[in-house]
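# build the 3D model from these lines:
(one chain, ligands or ions: 1)
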Amino acid sequence: MSEGAEEVPVVYLHEIKRQYMQGETPLTILNGAKLALWAGQSVALVAPSGTGKSTLLHIAGLLESPDEGEVYVGGTPTSGLSDVDRTQIRRTEIGFVYQSHRLLPEFSALENVMLPQMIRGLKRGETVKRATEILSYLGLSDRIKHRPAELSGGEQQRVALARAVANAPRALLADEPTGNLDPNTADHVFQALMQLVKATRVAMLIATHNMDLAGRMDRRVSLVNGEVVELD
Ligand SMILES: Nc1ncnc2c1ncn2[C@@H]1O[C@H](COP(=O)(O)OP(=O)(O)OP(=O)(O)O)[C@@H](O)[C@H]1O
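Residues are numbered from 1 along each chain as shown. This next block holds a predicted model:
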């Protein structure tokens, strides 16, 4: 990638405001939040429960719209786009990993990774090739025929990771991706995430409560009174 291309953040959140109604009372969760995610950089989002980490990730991933502010993807403002265009950007530019793997139980690991590519319109043969490559890269070449229930927790999460990067997104957003795993397995999945950042230069934002993992990422941010603050 040329240096010029890196001058624009992959995702830029500008002055994001988000309120939820709690009965009659508005609850302000994000209040002027600003955050730039850069190619090849991993960012840990570390903040207490209920401060808005998932909300921020959903807004960055175009899964939820802010009440005020703008989400730029590759320099393009997204608020004025149609739902179809937003969905298109989400499918091609952004990968999401959740705390629980959310794989489809009746499909194999390979098929789970093929699906997002097929939805995007790639030919079946191409999706098989690419899904096989990604799963092998993540150390799962002898597990591709297994269904999620036949995989360990760490393997399931690595398949979910493979699915998230199947369409070669420019941003990968992960909400407590190792939260359900024991420390050793969490470490394994975390290393896979870091390996992907280095290999693909994806911009990564990971919400985590794990300070050890956060300490091993490129940058740490938190949420204070609805704003993003840099830690360190
Ligand atoms: N759809 C919604 N309607 C109303 N309130 C919501 C909604 N989504 C989230 N909230 C509230 O907004 C606050 C922030 O939620 P969010 O899930 O973003 O926090 P979080 O930092 O990710 O928490 P955790 O670490 O526990 O996952 C919480 O108080 C939550 O109850």
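# C-alpha from now on. contacts and neighbour counts both.
Noted.
# ok, Val8 to Ala36 distance?
Noted for Val8: a distance of 9 Å to Ala36, by C-alpha to C-alpha, to the nearest Å.
# and what of Glu93?
Counting by C-alpha to C-alpha, the gap from Glu93 to Ala36 is 15 Å.
# with neighbour numbers in mind, choose between the two.
Using other C-alpha atoms under 10 Å, the more surrounded residue of Glu93 and Ala36 is Glu93, with 21 against 15.
# name the residues of stretch 179-186 that come out as buried.
179, 181, 185-186 (16 or more other C-alpha atoms under 10 Å).
# and of those, the nearest to the ligand?
Using C-alpha to the nearest ligand atom, Gly179 comes nearest to the ligand of the buried residues of stretch 179-186, at 10.3 Å.
# could you find the closest non-adjacent residue to the closest one?
With C-alpha to C-alpha, 6 or more residues apart in numbering as the criterion, Gly179 has its nearest non-adjacent residue at 5.9 Å, and that residue is Gln99.
# what about Thr185, which SS state?
helix (DSSP: H, G, I helix; E, B strand; the rest coil).
# what's it in contact with, if anything?
The contact partners of Thr185, by C-alpha atoms under 8 Å, 6 or more residues apart in numbering, come to 153-154.
# ok, now Gly40?
Gly40 touches 197-198, 200-204, counting by C-alpha under 8 Å, 6+ apart.
# do Asp142 as well
Applying C-alpha under 8 Å, 6+ apart to Asp142 gives no contacts.
# how about the helices in the chain?
Assigned by DSSP state H, the helices in the chain fall at 53-60, 83-93, 109-119, 124-137, 153-164, 183-200, 211-215.
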